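Undergrad: what follows is a predicted protein model with its sequence.
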Amino acid sequence: MIYLLIIIGLILLALVVNKAYKNTNFYKNKFVDTYKFKNIPQNLEVVNLGSNQPKFAFDYSQNDVLGMSWAVGPQTLEYDFRILKNYYSYLKKDAKVIIALSPFQFFLDKYKDDAANHKYYEFLEPSLIDGYSQIKKRLHIDFPIFTAKKQILRILKDVPADKRVELGINPLNAEKIKKDAQKWVDGWKKQFGINTLENIELSDGNKTNIDKNIKLLKEMIAFCKEREYEAVLLVLPVTKELSSLFPDEFVEKYILNPIKEANEQNVKFLNYWRDERFEAEENYIDSFFMNKVGRNKFTKQVLEDLS
């Protein structure tokens, strides 16, 4: 009997600790972009897809349109498409689907760490999630204390909640913005095995990924057309400090040309790269992500350009 009571006590303790861990900001921050999918309005008139950059660039709440951002970061173009496949039934006929494209969008294939797939377990169909399994769901989503390891200590010492989207100013000074811009470029060069953004020698992997994403973009456009939605291709703006680090040749070869190649059906293309209206640092929280002020200004302009 005593052993049974001990087992019951341990189970109850595990459940309490598990709940406490799932209530930490550390855990919730991993899913901060996914909670919105639990409450999607019907008959949406406009949605945008995308990764972290689009997440900070769109807010339809201040405009006379029923819109929603389906951006989730970090995210590949393939998962953009999967989200569209999963939720397109919420769109009204002739709805606009903005496919927002970031600087290295065509270089990115899959993330090597399977943890990048875990955020989709709560809102995508299992068949749309790479490496999905019920065991992983139990261990990482339902009872994450079993895989948390040292991070279980976040119950005692948590991190701040991710509220960056609420920022209305840029907390960085001019010098820090410049350093931040260089940090982004250095990170991308390391991620994609590139030494310089000038006269790039693409690896076979980069070439394969670019070709794959061009094909994916064609399929996304065709998917929208078949269902009578209006696909819109869009290149987002960044600060002048960041855009100045991209040679014209890079922009033409690895941002604009792949879009042109994918856009066989000649859908609307909105290009805000180096758009002076949105380059000022006051519109951002760093050199790359827009703040609330920039986001509202940008979304309003995009909707005007779409109309």
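TA: Cool, got the structure.
Undergrad: the strands in the chain, which residues?
TA: Secondary structure of the chain (DSSP state E): strands located at 44-49, 67-69, 91-101, 230-235, 268-271.
Undergrad: now what about the worst-scoring helix or strand of the chain on mean pLDDT, what contacts it?
TA: One helix or strand of the chain scores below all others by mean pLDDT, DSSP states H and E: helix 2-22, with a mean of 86. By C-beta atoms under 8 Å, 6 or more residues apart in numbering, the surrounding residues in contact with helix 2-22 are 27-28, 143-145, 148, 152, 154-155. In this view, the C-beta of every residue, glycine as well, is placed from N, C-alpha and C.
Undergrad: what about dumping the CA coordinates of that helix to PDB?
TA: Only the C-alpha atoms of helix 2-22 are listed here, as PDB (Å, rounded to 0.1, in the frame of the first residue of the first chain):
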ATOM      1  CA  ILE A   2       2.800   2.400   0.900                       C
ATOM      2  CA  TYR A   3       4.400   1.900  -2.500                       C
ATOM      3  CA  LEU A   4       1.200   2.600  -4.200                       C
ATOM      4  CA  LEU A   5       0.800   5.900  -2.300                       C
ATOM      5  CA  ILE A   6       4.400   6.800  -3.200                       C
ATOM      6  CA  ILE A   7       3.800   6.100  -6.900                       C
ATOM      7  CA  ILE A   8       0.600   8.200  -6.800                       C
ATOM      8  CA  GLY A   9       2.400  11.000  -5.000                       C
ATOM      9  CA  LEU A  10       5.200  11.000  -7.600                       C
ATOM     10  CA  ILE A  11       2.700  11.100 -10.500                       C
ATOM     11  CA  LEU A  12       0.800  14.000  -8.900                       C
ATOM     12  CA  LEU A  13       4.200  15.800  -8.300                       C
ATOM     13  CA  ALA A  14       5.200  15.200 -11.900                       C
ATOM     14  CA  LEU A  15       1.800  16.600 -13.100                       C
ATOM     15  CA  VAL A  16       2.200  19.700 -10.900                       C
ATOM     16  CA  VAL A  17       5.800  20.300 -12.100                       C
ATOM     17  CA  ASN A  18       4.800  19.700 -15.700                       C
ATOM     18  CA  LYS A  19       2.000  22.300 -15.500                       C
ATOM     19  CA  ALA A  20       4.400  24.800 -13.800                       C
ATOM     20  CA  TYR A  21       7.000  24.300 -16.500                       C
ATOM     21  CA  LYS A  22       4.400  24.800 -19.300                       C
END
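Undergrad: low-confidence regions, this protein specifically.
TA: For the chain, applying pLDDT under 70 flags no range at all.
Undergrad: buried residues, the lengthiest helix in it. List them.
TA: Ranked by residue count, the top helix of the chain under DSSP state H comes out as helix 204-226. Buried residues in helix 204-226, counted by 16 or more other C-beta atoms under 10 Å: 206, 209-210, 212-214, 216-217, 220-221, 223-224.
Undergrad: adding distance to Gly168, write the residues you listed out as TSV.
TA: Shown next, in TSV, are those (distance: C-beta to C-beta, whole Å):
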residue	distance to Gly168
Asn206	37
Asn209	36
Ile210	37
Lys212	38
Asn213	34
Ile214	37
Leu216	35
Leu217	33
Met220	33
Ile221	35
Phe223	36
Cys224	33
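Undergrad: tell me which residue is most central in the protein.
TA: Ser51 (1.7 Å; C-alpha atoms, centre = their mean).
Undergrad: quick one: contacts for the nearest residue to it once chain neighbours are set aside?
TA: Of all residues not flanking Ser51 in the chain, Gln75 sits nearest, at 4.2 Å (C-beta to C-beta, 6 or more residues apart in numbering). Contact partners of Gln75, counting by C-beta under 8 Å, 6+ apart, are 50-52.
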